[in-house]
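Novice: Sequence and predicted structure, then a few things I'm wondering about:
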Amino acid sequence: MPAEPPVPAGRPMRADARRNYERLLAAAAEAFAERGAGASMDEIAKRAQVGAGTLYRHFPTREELVAAVYRAGLEEACAQARSLLERSEPGEALFAWLPVLATHWRDCGELKTLLAAAAEHDGELLSGLREQIVDTAEAVLADARAAGTVRDDLRTLELLRMLHAAVMAAGDWGGSDVVTVERMVELVVDGLCPRG
C-alpha cells in the first residue's frame, strides 16, 4: 500500500489526484531502480503519463519524491510484517519477513544515495524511517524469540545489520559466481537458529 499522500486539512484528496499520486510513486520507483540518480523528473512524469505540473503539485522537489518512494516501499514491508505476525505460527513470521525486507533493500539500492541527499533537507526523515523499521523488526523478533525459533541472545540491531550486510554482499562480484539475495538471506537465517 503506497504512502498516504499529503492532504490539506479538511480536504480529502480527489480520486483522480490519488491515482496520479500512486502512478507517480510507481513510476519513480521504477525509474530510480533502473537509472538511479540519472532518472529525471520529466522522465518520471512521462512514465506516469501525467504532466510535469501534476508531478510538481504532488512533489515540489526531487527530494520529496525520493523520500516518498522510499517511505512507500518501507511501509509496505512493515505492513507485510504485521500481516505475517497475525496469520503465522509463532516465530514463523520472522523467517517469512526477512526476504521481504531484503528485497526492499535490494530494490532501493540506488535510492539510498538519493535518500541521504533528501535527508539533508529534512533532518527528521532518516530518524523516522529508522524508527519504523526498528520497531517492526523488534516486534517480529520478539515473537520468534518467545517461540524459541531464534537464538535468545539475538538483538534487533544485530539482525538488521546482518541482513543489510547480506544484501550488500549479494550480486555479481566478477567471474561466474553470482550470489543472490535469496541465498544470502538463507545463510543469515541458518545462523539465527538456536545453538544445539
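Specialist: All right, it came through fine.
Novice: which element is the most centrally placed residue in the chain on?
Specialist: To find the centre residue of the chain, average its C-alpha atoms and take the closest one (C-alpha atoms, centre = their mean): that gives residue 74, at 3.2 Å. Taking DSSP states H and E as the criterion, the element that holds residue 74 is helix 62-87.
Novice: For that helix, name the packing helices and strands.
Specialist: With contacts defined as 3 or more C-beta pairs under 8 Å, 6 or more residues apart in numbering; DSSP states H and E, the packing partners of helix 62-87 are helix 15-35, helix 41-48, helix 92-107, helix 109-121, helix 125-147. In short, each C-beta sits where N, CA and C put it, glycine included.
Novice: what would those look like in a markdown table with mean pLDDT?
Specialist: Formatted as a markdown table, the entries for the helices and strands packed on helix 62-87 read as follows, by pLDDT from 0 to 100:
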| stretch | mean pLDDT |
| --- | --- |
| helix 15-35 | 90 |
| helix 41-48 | 95 |
| helix 92-107 | 91 |
| helix 109-121 | 72 |
| helix 125-147 | 91 |
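Novice: Determine which stretch of those is the most buried.
Specialist: For the helices and strands packed on helix 62-87, the largest average neighbour count (mean count of other C-beta atoms under 10 Å) is found in helix 92-107, namely a mean of 20.
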